[in-house]
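# what follows is a protein structure lacking sequence information:
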């Protein structure tokens with residue numbers, strides 16, 4: 001899949017939101033790899049729930065996130081999925097003006 005040449009300001013800001021929330025969980029979750037592995041063990045029965053590359057692309061604003069992954073990521077970030085979605089909508093709408 002070819003990477004797009006121009007990135008959406010909204011996607012970049014949304015990605016930064018996810019990254020800030022991940023890092024706010026503490027030192028144990030600062031790296032993406034440790035976050036994925038720790039949360040896999042803690043919340044998802046050691047199952048693969050997101051790839052390192054996918055999380056990296058989301059946090060860098062290169063990919064949209066699916067509803068399924070949004071719910072799982074919200075759980076991993078200890079956020080209510082509805083509240084997190086509302087934050088995403090606010091960022092998206094403010095970037096469209």
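Cool, got the structure. The structure displayed is predicted, hence computed values, not measured ones.
# which SSE is the spatially most central residue of the chain in?
Centroid check for the chain by C-alpha atoms, centre = their mean gives residue 18 as the closest residue, at 4.3 Å. Using DSSP states H and E, residue 18 falls within helix 9-24.
# what ranges do the helices span in the protein?
Here the chain has its helices, by DSSP state H, at 9-24, 32-43, 52-59, 67-76, 81-96.
# for the residue nearest to residue 63 when sequence neighbours are not counted, give me the pLDDT.
Nearest in space to residue 63, with sequence neighbours left out and distances taken as C-beta to C-beta, 6 or more residues apart in numbering, is residue 57 at 4.2 Å. C-beta coordinates here come from the backbone N, C-alpha and C atoms, glycine included. On pLDDT, residue 57 comes in at 97.
# flag the shaky bits of this protein, pLDDT-wise.
The chain contains residues with pLDDT under 70 at 1-6.
# what about residue 73, how many residues nearby?
23 (other C-beta atoms under 10 Å).
# returning to what we had before: how near is the residue nearest to residue 63 to residue 16?
The gap separating residue 57 from residue 16 is 13 Å, by C-beta to C-beta, to the nearest Å.
# now residue 87
When residue 87 is compared with residue 16 (using C-beta to C-beta), they lie 11 Å apart.
# from residue 28, how far off is the nearest residue to residue 96 once chain neighbours are set aside?
Counting by C-beta to C-beta, 6+ apart, the nearest residue to residue 96 once its immediate chain neighbours are dropped is residue 10, at 7.1 Å. Residue 10 sits 30 Å away from residue 28, going by C-beta to C-beta.
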